[in-house]
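The following block contains a protein sequence and its predicted model.
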Amino acid sequence: MERVSTGIKELDRMIGGYPRNRTMLLTGTTGSGKTILGLHFINQGCLDGKKCAIIATEETPEDIIAQGESLGMPLSKYDKKGILGIERVYDERAEYIKDVLEFDVTDIDELQSNIIGLLERIPKGTEIVLMDNIGVFTLNMSPNEFRAQFDALVHGLAKKNITAMLILDSASDERMGGIAAYSVYGVLKTSVKDNPYTGSRERILEILKIRNTKIPIDPARFDVTSSGIALLTK
Ligand SMILES: Nc1ncnc2c1ncn2[C@@H]1O[C@H](COP(=O)(O)OP(=O)(O)O)[C@@H](O)[C@H]1O
Ligand SMILES: [Mg+2]
């Protein structure tokens, strides 16, 4: 199976990259490093000359670009070159909600629950996609409805020959009963934990599954530095 670089050398060495034309799920708590892990994947795709897209449901494109730049990723350059597209789903959600609240409150659920609609936001010819964060669409969803839409999304991505990373925050993932993990090819999880022996906080990356791939059973510690995620391998 062909692989696509994760954008992090040590992680490529550990898992051989993400499986091409498949979807990875990334879960984790707030501030645990999900967006940064996703940005490494996008930055590498752009560097390799692949057409990339970020579907940004939680942040403005400006904030995402600024975050990337602060980690040494020239996202603004890629954006200007047209190799990176950042979809303004966050702004649109906010504006639409404002309109709906002024006119008709009952429409809110519909906009807030349209996961499949994200497929249409991917520019033609895109090879690499990061969706950050799908959890915002699940607030009013039953696990059943979520599973149906999430499956359709993963299926649609595969049909478009896209290598994708879907971010789903831990709270939403748990609310949906953890079912997102079943539909995807691989699952990663970031977290921040107290180390009882040292008394300090540690960032952790766990590789929960990748089909067809030998993966390390032990979680890996990492730091976030001025050049992004640095895995602390033994
Ligand atoms: N330029 C940077 N240098 C060092 N640490 C950073 C930098 N940018 C972000 N971080 C750290 O990374 C953490 C957030 O990672 P992020 O990927 O945004 O988390 P998540 O998407 O899981 O909420 C922040 O809490 C911050 O501590
Ligand atoms: Mg984030």
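Sure thing, it's come through. Ligands and ions are numbered 1, 2, ... in the order given.

This structure: helices as residue ranges?
Listed from the start of the chain, the chain has helices (DSSP state H) covering 9-15, 34-47, 61-70, 75-81, 89-103, 108-112, 143-159, 170-175, 180-183.

Give me the contact list for the shortest one.
Residues outside helix 180-183 that contact it (CB atoms under 8 Å, 6 or more residues apart in numbering) are 23, 25, 27, 146-147, 150-151, 154, 166, 168, 173, 187, 208-209. C-beta coordinates here come from the backbone N, C-alpha and C atoms, glycine included.

Same check on stretch 202-214?
Under CB under 8 Å, 6+ apart, the answer for stretch 202-214 is 1, 11, 14-16, 18-19, 24, 32-33, 37, 181, 185-195, 215-216, 219-224, 229, 231.

switch the cut-off to 6 Å
By CB atoms under 6 Å, 6 or more residues apart in numbering, the residues outside stretch 202-214 that reach it are 1, 33, 185-193, 195, 215, 219-222.

ditto for stretch 54-71
Residues contacting stretch 54-71 (CB under 6 Å, 6+ apart): 39, 75-76, 86-87, 89-90, 118, 121, 130-131, 133, 136, 228.

so can I have TSV of the residues you listed showing pLDDT?
What follows is the contacts of stretch 54-71, written out as TSV (pLDDT from 0 to 100):
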residue	pLDDT
Leu39	98
Leu75	98
Ser76	98
Ile86	97
Glu87	94
Val89	89
Tyr90	83
Leu118	95
Arg121	94
Leu130	98
Met131	98
Asn133	96
Val136	92
Gly228	98
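
Of those residues, grab the buried ones for PyMOL.
Command for PyMOL that selects the buried part of the contacts of stretch 54-71, burial taken from 16 or more other CB atoms under 10 Å:
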select buried, resi 39+75+86+87+89+90+118+121+130+131+133+136+228
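
got the residues of this structure near ligand 1?
Near ligand 1, the residues belonging to the chain are 28, 30-36, 70-71, 224, 226 when assessed by CB under 6 Å from any ligand atom.
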